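Asker: everything below, folded, please.
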Amino acid sequence: PRGLDPGAAVPIRFETGVGCTLRVPLTLEDRFVDSNGSRPMLSVMGHRTTATSLYGQEVLPTPLPAGAAVDDVPRANPYHSALVWQPRRGEEGRVYTICLKASTQYNGCEYSFFTAPYQ
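Answerer: Have a look, this model is predicted:
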C-alpha cells in the first residue's frame, strides 16, 4: 500500500443474492525493501459497511455485513486472502458498500489504508 492515495479508491461492484456465496480475492503487496532486506507485513480487515435502500442509508453496527468475513490469514507480503459473504434472508433489497482496511507493519509502527473514502 505504500504511496497509495486513500482518496483515489476505485469502487468495484459485485452482485450476489440470498443463499449465494460471494468470494472476492484480495491481494496486496508492498514492494518497499529496507536496507536490511526486510519487507513490511500486510493484512486486511473489515472497516465499515453502509447499507443503502430506497428508504434510507445506515452504517451497520459491525465492520462487515452479517455472515461476511475476510479469510483469516497471517500477515504476509505479498498477502493473499478473500472477502467471503453469503447474504441471508432480510439482507436483500439493499446495496452494501463495504470498506476494507489494509494495514502494513514496519519497524514497530502500523500504517492503515482504506478502500473507500470515508469522512
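
Asker: who are the contact partners of Thr115?
Answerer: Taking C-beta atoms under 8 Å, 6 or more residues apart in numbering, we find Thr115 in contact with 9, 47, 98-102. Any C-beta I mention is one placed from the backbone N, CA and C, and that applies to glycine too.

Asker: I should have written Val70 there, sorry.
Answerer: Val70 touches 26, 44-46, 64, 81-84, 100, counting by C-beta under 8 Å, 6+ apart.

Asker: and which of these is nearest to Arg13?
Answerer: Nearest to Arg13 out of these is Leu83 (C-beta to C-beta; 13.5 Å).

Asker: list the helices and strands the host helix or strand of that closest one packs on?
Answerer: Leu83 belongs to strand 79-85 when assigned by DSSP states H and E. Helices and strands touching strand 79-85, as assessed by 3 or more C-beta pairs under 8 Å, 6 or more residues apart in numbering; DSSP states H and E, comprise strand 22-28, strand 41-53, strand 69-70.

Asker: that older thread, the contacts of Thr115 in strands, which ones?
Answerer: 47, 98-102 (DSSP state E).

Asker: tabulate those residues (JSON lines), appending pLDDT.
Answerer: What follows is these, written out as JSON lines (pLDDT from 0 to 100):
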{"residue": "His47", "pLDDT": "91"}
{"residue": "Ile98", "pLDDT": "90"}
{"residue": "Cys99", "pLDDT": "90"}
{"residue": "Leu100", "pLDDT": "89"}
{"residue": "Lys101", "pLDDT": "89"}
{"residue": "Ala102", "pLDDT": "88"}
